[in-house]
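J.: mind folding the following:
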Amino acid sequence: MRKVPFLDLAAQQQALAAELNETVAGVFARGQFILGPEMQALEREVAAFCGTADAVAVANGTDALELALRACGIGPGDEVLTTAFSFFATAEAIAIVGARPIFVDIDPATYLLDPGRLEARVTPSTKAILPVHLYGHPCAMEQIMRVAKAHRLRVIEDCAQAIGAKCDGRVVGGFGDAGCLSFYPTKNLGGAGDSGMVLSSDAELARRLRLLRHHGDQGHYEHVLLGRNSRLDELQAAVLRVKLRSLGRWNEARRIHAAHYTKLLQPLTSRGLVLPIERPGAHHVYHLYTVRVPQRDLVRQRLSEAGVATQVYYPSIIPDQPAVRDLDVAGGRYPESQRAAREVLSLPMYPELSADDVDYVVDALGKALAKG
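T.: All right, here's what the predicted structure looks like:
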């Protein structure tokens, strides 16, 4: 039986093996592993790719969110508006700094925070908006920024799944005060372990972030802030610099695979399949190709039996997570997010995916849906 993996990281590493081995060997030869030239170069290169004045490398994507919130002055007693449908780290970071996540339901067509619902959730305690560019699709940032400006709110973008995505021609991560990236191995730009970065064009914010990631030390063991140890090591930076040179090509390959999926799957919409969309003005980078299917778990089991690996991102909404349930002052009224959690299914998606693989996945999905 043919098998199509959900993701094939080994294929990516094999294609770059010689270059990766050479650059990693160079790090060992220099003998500097923390806060070194590879990290500094990566910061410059990612900032240039994303169109921001600066970028601050940190240990992982969750730290990027937390430290960005702290650098923006968000803390106890503050409220941060964010989506109800995302990975848990989005709300976790807000809660860790002592603030309260105020959840907003999603636009059912894009799975993204619905900007039309923001205004009703603003209170005197609201200090920031944290939109998530989920699955690689950019949020409607112009609308979000209008609300933020009207109420003098900070904006921290969660770009963990969307490096290179664009909204009206601008790369995400540069609309708000800060944009947070994750380089977890499965991301469009993934390292060989955990790593992350904060984008910003605010020089003072970048300065505070550099202090916060390194124990608040401004040099000579003078600690002016209570920071933490969240430094991106040289080995990760070296690996990411090699991969960054291929990111544009990889993102375009994802878009080609997505277009192939969409064309072939269109006839199946008559059976209840709902395909992802690209909002006007958006440039989707398809970290995930996510559909809606009736009887999602049954269809997923049938695809597994046919050798097709799939994933569910996410099977429950953030407000239902026990760790933050008590923080939800809206009482769990997020019908679109809850419906998405019951129906979404992500199909295999990675740059090295072949057209034949896409054909096989589509055929298997058609048969799974035909069984009723």
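J.: what's the offset of the top helix by length along the chain from the middle of its chain?
T.: Of all the segments assigned as helix in the chain under DSSP state H, the longest by residue count is helix 234-265. Averaging C-alpha coordinates over helix 234-265 and over its chain gives two centres that are 14 Å apart (CA atoms, centre = their mean, to the nearest Å).
J.: other SSEs contacting it?
T.: Judged by 3 or more CB pairs under 8 Å, 6 or more residues apart in numbering; DSSP states H and E, the packing partners of helix 234-265 are helix 17-30, helix 37-50, strand 289-292, helix 355-370. Placement of C-beta: from N, CA and C, glycine included.
J.: give the buried residues for that helix.
T.: By 16 or more other CB atoms under 10 Å, the buried positions in helix 234-265 come out as 234-241, 243-244, 246-247, 250-251, 253-255, 257-258, 260-261, 264-265.
J.: mean confidence score for the host helix or strand of L81?
T.: Secondary-structure assignment from DSSP states H and E places L81 in strand 79-83. Averaged over strand 79-83, pLDDT sits at 98.
J.: angle of the helix or strand that comes right after that strand against strand 79-83?
T.: Proceeding N to C from strand 79-83, the next assigned helix or strand is helix 89-96, under DSSP H and E. On the basis of axes from the mean of the first three to the mean of the last three CA atoms, to 10 degrees, helix 89-96 is oriented at 170 degrees to strand 79-83.
J.: contact partners of helix 89-96?
T.: By CB atoms under 8 Å, 6 or more residues apart in numbering, the surrounding residues in contact with helix 89-96 are 61-62, 65-66, 69, 74, 80, 82-83, 100-101, 103, 130, 132, 158, 160, 318, 321, 323-324, 327.
J.: state the mean pLDDT of it.
T.: Taken as a whole, helix 89-96 has a mean pLDDT of 97.
J.: list the buried ones in stretch 35-43?
T.: So for stretch 35-43, counting by 16+ other CB under 10 Å, buried means 35-36, 38-39, 42-43.
J.: identify the residues contacting it?
T.: 27, 30, 54-57, 197, 214, 231-234, 237-238, 240-241, 244.
J.: how far is it from where the chain is centred?
T.: 22 Å.
J.: next one: stretch 177-187
T.: Averaging C-alpha positions (CA atoms, centre = their mean) puts stretch 177-187 6 Å from its chain's average.
J.: over to stretch 40-60?
T.: Relative to its parent chain, stretch 40-60 has a centroid offset of 16 Å by CA atoms, centre = their mean.
J.: still on that earlier bit, among the helices and strands packed on helix 234-265, which comes closest to L226?
T.: Across these, the minimum distance to L226, taken as CB to CB, is reached by helix 37-50, at 22.6 Å.
J.: report the angle between the axes of the closest one and helix 234-265?
T.: 30 degrees.
J.: average pLDDT for helix 37-50?
T.: Taken as a whole, helix 37-50 has an average pLDDT of 98.
J.: report the contact partners of C180.
T.: When contacts are counted by CB under 8 Å, 6+ apart, C180 is found next to 61, 64-65, 68, 156-160, 173, 196-199.
J.: picking that back up, could you dump the helices and strands packed on helix 234-265 to a markdown table with distance to K187?
T.: Compiled in a markdown table, the helices and strands packed on helix 234-265 are given as follows (distance: least, CB to CB, whole Å):
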| stretch | distance to K187 |
| --- | --- |
| helix 17-30 | 17 |
| helix 37-50 | 13 |
| strand 289-292 | 15 |
| helix 355-370 | 20 |
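J.: give me whichever of these is most buried.
T.: Sort these by mean neighbour count, taking mean count of other CB atoms under 10 Å, and strand 289-292 sits at the top with a mean of 22.
J.: let me know the angle separating the helix or strand just after that one from helix 355-370.
T.: Toward the C-terminal end, the helix or strand that comes next after strand 289-292 (DSSP H and E) is helix 296-305. Calculated by the same axes, to 10 degrees, helix 296-305 forms an angle of 130 degrees with helix 355-370.
J.: which residue ranges make up the domains of the chain?
T.: Using automatic domain parsing, the domain ranges for the chain come out as 9-242, 246-370.
J.: what sits closest to R333 if chain neighbours are left out?
T.: Nearest residue to R333 in three dimensions, chain neighbours excluded: D105, at 7.7 Å (CB to CB, 6 or more residues apart in numbering).
J.: now for that neighbour, how many residues are close by?
T.: As a burial measure, D105 scores 22 neighbours (other CB atoms under 10 Å).
J.: give the contact list for it.
T.: Neighbours of D105 in contact, by CB under 8 Å, 6+ apart: 84, 114, 117, 333-337.
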